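Colleague: Return a 3D structure for these sequence lines:
(one chain, ligands or ions: 1)
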Amino acid sequence: MFSRRLLSKTPQWPLLKEQAQKLKLHLPMYTLHLEAAGISCDLSHNYITNEVLTLLSSLCQSQGVMEFFKAMIQGKEVNISEQRQALHTALRNPHYYSETVRDSVADSIQKMQSLTEIIHQHQPWEGSEHPIRYIVHMGIGGSDYGPRFLIKALENHKINDLSFHFIANLDPWELQDTLKKIDVKHSLFIVSSKSFTTDETLTNFSNLCSALDADSHFIANQCIAITANEEKALQQGFKKKHILKINHWVGGRFSIWSAIGFSLMLAIGTHQFKEFLAGAHAMDEICAQENFMQNPALLLAAMDCWYTNFLDAHSRAILIYSSQLSDLIHYLQQLMMESNGKSRTLQGEIVDYHTNPIIWGGVGSNSQHTFQQLLMEGTRLIPIDIILPRTSDIYFSQQQNKLATHCLAQAKALTSARQGLGQPYHLFSFEKISPKIMGSLLALYEHRTVMAAALWAINPFDQFGVELSKSLLTTV
Ligand code: F6P
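Modeller: Next comes the predicted model:
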């Protein structure tokens, strides 16, 4: 169905190595600019030439990148090791999929919507005369980062005065700090775990119940479970009508579009949540096209491979010029590094090349006063993603314009960084933060990650590396 060949065994490998040698690591000005679903992708500041792009396009063909991507969106079992589909795109627009998938997605949205309306209308919740004012979201990894990041990012799009709190780590401080900030009788506790076996989440929930001296009435009436393991949630005392199900074909780091996004829907409402989904779907359609030079995810994946395997860049920095988007870095670290931090191919063969680079970064302009010194005068080639909202609809909005000026000045400086060799960067900018733009941006990174996996001939959908530490829990 798609290539599982070692990247290093492709005919393009030696040719690209030769190009890398030829390229004198200066930043040739190669105009490469795409507009995609509201995201302006300026890729003109890269170590890239026509010859390199032609070879990368041919490499993508050899590795069957678009075949793999098409197989994913068509619902094939692309997650080979777990014999599963990876259908997060169905959550944005189920119409292309089977009746079973369509019904499952519709039921999930409907249940999320009806619970949201009860809470938004301050209706008595389960016989309690106390309307819900606090939402406590308990989850970790993909069951935490999406809601956590987006509720902060879309704060200006909140349609109510609900107060959101997150408990993820086993660190007792998070539970203690949350309990100090909420009024329990006005609170709804959302236990978010696809497997419903994650030790951190279940332990936090158990400690919460102990701290509140809670009984089964509390779980049945003030708690909602979001999981693919309904049986386990029922055993723990959750009411069936308070269980929002997710499908096994949604990977944790690809799950914000599913019921895992319920807290986000509570914050911004159903309409704007659907805007978020629509933004992602618009990007899905753009990234499904075959034309290499018109497909932003394909170009970005090919360049991730180019920097990693031919220019020996070991990391990529993500500089986010918006404090509201500060948690995006953690979201993207999980998406890209948990997906592609692999060393065996789809066939189990050990790779003889690097796969995903280390993803790190932070907020600008703060990081211009901390780690960006290393980007400017350090010794390493470190490709950079710059993410920039050009304007803001917050009060003092002219400050965002000033921040954008700092961003663009720094970007300009990067071209003369490293003693004039220049630091390459992609500049992703958009008018302002909105549910739709957030959907487009996250979908672009998802598709870039999946396409890069196809180039490296690895499986982006499993995560056996994290299972080992879980299995050793009982031995320490
Ligand atoms: O890190 C492993 C992992 O399974 C992630 O992929 C997932 O997002 C996280 O743990 C939480 O898993 P669950 O949603 O099953 O609690």
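
Colleague: Name the next helix or strand downstream of the helix or strand harbouring residue 102, please.
Modeller: Using DSSP states H and E, the element containing residue 102 is helix 99-120. Per DSSP H and E, the first helix or strand lying C-terminal to helix 99-120 is strand 134-138.

Colleague: ok so, going back, pLDDT of the helix holding residue 102, averaged?
Modeller: For helix 99-120, the mean pLDDT works out to 96.

Colleague: Report all helices and strands that it contacts.
Modeller: Contact analysis of helix 99-120 by 3 or more C-beta pairs under 8 Å, 6 or more residues apart in numbering; DSSP states H and E lists strand 243-245, helix 262-287 as its packing neighbours. Backbone N, C-alpha and C define where each C-beta goes, glycine included.

Colleague: export those to JSON lines and tack on mean neighbour count, mean pLDDT and distance to the ligand?
Modeller: As requested, these are arranged in JSON lines below (neighbours: other C-beta atoms under 10 Å; pLDDT from 0 to 100; distance: least, C-beta to the nearest ligand atom, whole Å):
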{"stretch": "strand 243-245", "mean neighbour count": "21", "mean pLDDT": "98", "distance to the ligand": "13"}
{"stretch": "helix 262-287", "mean neighbour count": "22", "mean pLDDT": "98", "distance to the ligand": "13"}
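
Colleague: For the stretch 251-400 of the chain, which segments are assigned as helices?
Modeller: Ranges of helices in the stretch 251-400 of the chain, per DSSP state H, counting those that start in this stretch, are 262-287, 296-309, 328-333, 339-340, 372-377, 398-414.

Colleague: With the stretch 51-200 of the chain instead?
Modeller: 65-73, 99-120, 145-153, 172-181, 199-211.

Colleague: any idea which of those is most buried?
Modeller: helix 145-153 (a mean of 24; mean count of other C-beta atoms under 10 Å).

Colleague: Other residues contacting it?
Modeller: For helix 145-153, the surrounding residues in contact (C-beta atoms under 8 Å, 6 or more residues apart in numbering) are 137, 139, 158, 164, 166, 168, 192, 255-256, 260-264, 267, 276, 322, 324-328, 330-331, 334, 433, 438.

Colleague: Now a PyMOL select for only the buried ones of these.
Modeller: Provided next is the PyMOL selection string for whichever of the contacts of helix 145-153 are buried by 16 or more other C-beta atoms under 10 Å:
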select buried, resi 137+139+164+166+168+192+255+256+260+261+262+263+264+267+276+322+324+325+327+328+331+334+433+438
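
Colleague: Out of the helices of the stretch 251-400 of the chain, flag the one nearest residue 386.
Modeller: helix 398-414 (6.0 Å; C-beta to C-beta).

Colleague: which residues are in contact with that closest one?
Modeller: By C-beta under 8 Å, 6+ apart, the residues outside helix 398-414 that reach it are 45, 319, 321-322, 364-365, 368, 372, 375-376, 384, 386, 388-392, 394, 422-423, 425, 427, 432.

Colleague: Apply 10 Å and report the result again.
Modeller: With C-beta atoms under 10 Å, 6 or more residues apart in numbering as the test, helix 398-414 has contacts from 27, 42, 45, 319-323, 364-365, 367-368, 372, 375-376, 382, 384, 386-394, 396, 417, 422-425, 427, 429, 432-433.

Colleague: By neighbour count, which bits of that helix are buried? Give me those.
Modeller: Buried residues in helix 398-414 (16+ other C-beta under 10 Å): 400, 403-404, 407-408, 410-411, 414.

Colleague: Nearest to residue 6, out of the residues you listed: which one, please.
Modeller: Nearest to residue 6 among those: residue 414, at 33.4 Å, using C-beta to C-beta.

Colleague: pLDDT value on residue 130, please?
Modeller: Residue 130 is given a pLDDT of 86.

Colleague: Equivalent analysis for the one 10 residues further on, please.
Modeller: On the pLDDT scale, residue 140 is placed at 98.

Colleague: show me the contacts for it.
Modeller: 166-170, 192-193, 198-201, 204, 252.

Colleague: about what we covered before: mark which of the contacts of helix 398-414 are buried, thanks.
Modeller: Neighbour-count burial (16+ other C-beta under 10 Å) applied to these gives 27, 42, 45, 319-322, 364-365, 367-368, 372, 375, 382, 384, 386-390, 392, 417, 422-425, 427, 429, 432-433.

Colleague: Kindly provide the distance from residue 236 to residue 136.
Modeller: 16 Å (C-beta to C-beta, to the nearest Å).

Colleague: Repeat that for residue 282.
Modeller: Counting by C-beta to C-beta, the gap from residue 282 to residue 136 is 33 Å.

Colleague: quick one: the strands in the stretch 301-450 of the chain?
Modeller: Assigned by DSSP state E, counting those that start in this stretch, the stretch 301-450 of the chain shows strands spanning 315-320, 358-363, 384-389, 425-430.

Colleague: Spell out which parts of the stretch 1-150 of the chain neighbour the ligand.
Modeller: 140-143 (C-beta under 6 Å from any ligand atom).

Colleague: Report the buried members of the residues you listed.
Modeller: 140-143.

Colleague: Could you export these as JSON lines, including distance to residue 109?
Modeller: Formatted as JSON lines, those follow (distance: C-beta to C-beta, whole Å):
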{"residue": "140", "distance to residue 109": "24"}
{"residue": "141", "distance to residue 109": "23"}
{"residue": "142", "distance to residue 109": "19"}
{"residue": "143", "distance to residue 109": "18"}
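
Colleague: Which two among those are spaced furthest apart?
Modeller: Among these, 140 and 142 lie farthest apart (C-beta to C-beta), at 8.4 Å.

Colleague: what is in contact with these two at once?
Modeller: Common neighbours of residue 140 and residue 142 (criterion: C-beta under 10 Å, 6+ apart): 192-193, 252.

Colleague: follow-up on the earlier one: now tabulate the strands of the stretch 301-450 of the chain in JSON lines and tack on distance to residue 112 and mean pLDDT.
Modeller: Formatted as JSON lines, the strands of the stretch 301-450 of the chain follow (distance: least, C-beta to C-beta, whole Å; pLDDT from 0 to 100):
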{"stretch": "strand 315-320", "distance to residue 112": "28", "mean pLDDT": "98"}
{"stretch": "strand 358-363", "distance to residue 112": "30", "mean pLDDT": "98"}
{"stretch": "strand 384-389", "distance to residue 112": "27", "mean pLDDT": "98"}
{"stretch": "strand 425-430", "distance to residue 112": "26", "mean pLDDT": "98"}
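
Colleague: Many thanks, I have nothing further to ask.
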